[in-house]
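Enquirer: Predicted model follows, preceded by the sequence.
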Amino acid sequence: MPEEKPKEPVLEVRNVSIAFDNNRVLDDVSFTLNNGETCVLLGPAGGGKSVLLKIINGLIPPDSGSIRVFGQEVTTMKQQELFQMRRRVGMVFQESALFDSMDVEDNVAYRLNEEGVDPAEAHKRVEEALEFVELGQAIDKFPSELSGGMRRRVSIARALITKPDLILYDSPTGGLDPITSTTIVELILKQRDESHTTSLMITHRLQDAFFLATHHWDSATKSATLIPDGGVDQNTKFLVLNEGRVVFDGSTLELTHSEDPWLQNFLS
Ligand SMILES: Nc1ncnc2c1ncn2[C@@H]1O[C@H](COP(=O)(O)OP(=O)(O)O)[C@@H](O)[C@H]1O
Ligand SMILES: [Mg+2]
């Protein structure tokens, strides 16, 4: 058998720090995300989770440290290189961040239209992306006509349409009721298990995090099913940030068995 070269991490964050005025928001943050992994980023509000995602996507420069995405250093990229990198990154923003003046089709096709993809091809891909998020019937609607859960589906379709190699989800269930939240987590689960795209997902909801860790997408029944015998998904890992520092980086079982008092309290 030919020997496989060890694959480069999709994302490598090394010693990243940032302060706003005198507020130290990230303090020496390091972690790695390998191909096919889903990392759930947890932590109390104000802990620096959203800032970390924006730094990874090159939207905010850190004060110090290194971020490598697909092996390339983000902190020194020129504008054009950042655009190239972001073509391979799908971002689902907190609160959906749709364009209110555009209908669902134009929102979802936004990146394709920017890249000058042929309109017929773009339309076909919008239909596929909306099919994936189970929102095909809403293609001509405007964001103001949609529920919160539907808006979130549109923003997921918009992020997935370019078939990204890395997906960054910022609190995809934020502001949604528990039942709608579960339907959104199921979509993320389906994406993970059908496409195995490397993903980083911020959530403040422990239920969402553990749902993702303990379920698989069953393509036969088209539903999320509990992994038998208390099993967990081996490609899903956890990162916990508190007051700008990484307080946990490891597997689901390492997290649930941690003896760290702060973590135990946070998880209880
Ligand atoms: N652009 C900014 N300018 C100043 N302070 C900011 C900025 N963005 C975030 N912060 C501060 O950074 C801290 C972490 O914010 P954030 O990353 O949004 O937390 P969360 O973990 O809830 O996503 C907060 O204290 C917030 O007020
Ligand atoms: Mg946030």
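Expert: Ah, there it is. Ligands and ions are numbered 1, 2, ... in the order given.
Enquirer: Those residues of this structure touching ligand 1, which are they?
Expert: Neighbours of ligand 1 within the chain, by C-beta under 6 Å from any ligand atom: F20, N23, V25, G43, A45, G46, G47, G48, K49, S50, V51. Every residue, glycine included, has its C-beta placed from N, CA and C.
Enquirer: do that again at 5 Å, thanks
Expert: Listed as neighbours of ligand 1 in the chain under the rule C-beta under 5 Å from any ligand atom: F20, V25, A45, G46, G47, G48, K49, S50, V51.
Enquirer: ok, which pair from the residues you listed is furthest apart?
Expert: Longest distance between any two of these is 15.9 Å, between F20 and A45; criterion C-beta to C-beta.
Enquirer: Can you check the pLDDT for the spatially closest residue to E127 that is not a sequence neighbour?
Expert: Nearest non-adjacent residue to E127, counting by C-beta to C-beta, 6 or more residues apart in numbering: G136, 6.7 Å away. Here the pLDDT value assigned to G136 is 91.
Enquirer: next one: the one 4 residues further on
Expert: At D140, the pLDDT value in this model is 96.
Enquirer: what sits against it?
Expert: Shown in contact with D140 (C-beta atoms under 8 Å, 6 or more residues apart in numbering): D103, V104, E105.
Enquirer: Could you say which of those is surrounded by the most neighbours?
Expert: Neighbour counts for these peak at V104, which has 27 neighbours (criterion: other C-beta atoms under 10 Å).
Enquirer: Hmm, it is touching I139, no?
Expert: Yes: the criterion here is C-beta atoms under 8 Å, and V104 meets it with I139 at 5.4 Å.
Enquirer: residues shared between the contacts of those two?
Expert: Joint contacts of V104 and I139 (C-beta under 8 Å, 6+ apart) are L130.
Enquirer: Quick check: phi and psi at H216.
Expert: phi -120, psi 160 (degrees, to the nearest 10).
Enquirer: That one and G149, how far apart?
Expert: H216 is 22 Å from G149, where distance means C-beta to C-beta, to the nearest Å.
Enquirer: out of the residues of the chain next to ligand 1, which are buried?
Expert: V25, G47, G48, K49, S50, V51 (16 or more other C-beta atoms under 10 Å).
Enquirer: Among those, name the ones in helices.
Expert: K49, S50, V51 (DSSP state H).
Enquirer: sorry, back to before: just send the residues of the chain next to ligand 1 back as JSON lines, with pLDDT too.
Expert: Listed next are those as JSON lines, based on pLDDT from 0 to 100:
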{"residue": "F20", "pLDDT": "96"}
{"residue": "V25", "pLDDT": "97"}
{"residue": "A45", "pLDDT": "91"}
{"residue": "G46", "pLDDT": "90"}
{"residue": "G47", "pLDDT": "90"}
{"residue": "G48", "pLDDT": "94"}
{"residue": "K49", "pLDDT": "95"}
{"residue": "S50", "pLDDT": "95"}
{"residue": "V51", "pLDDT": "96"}
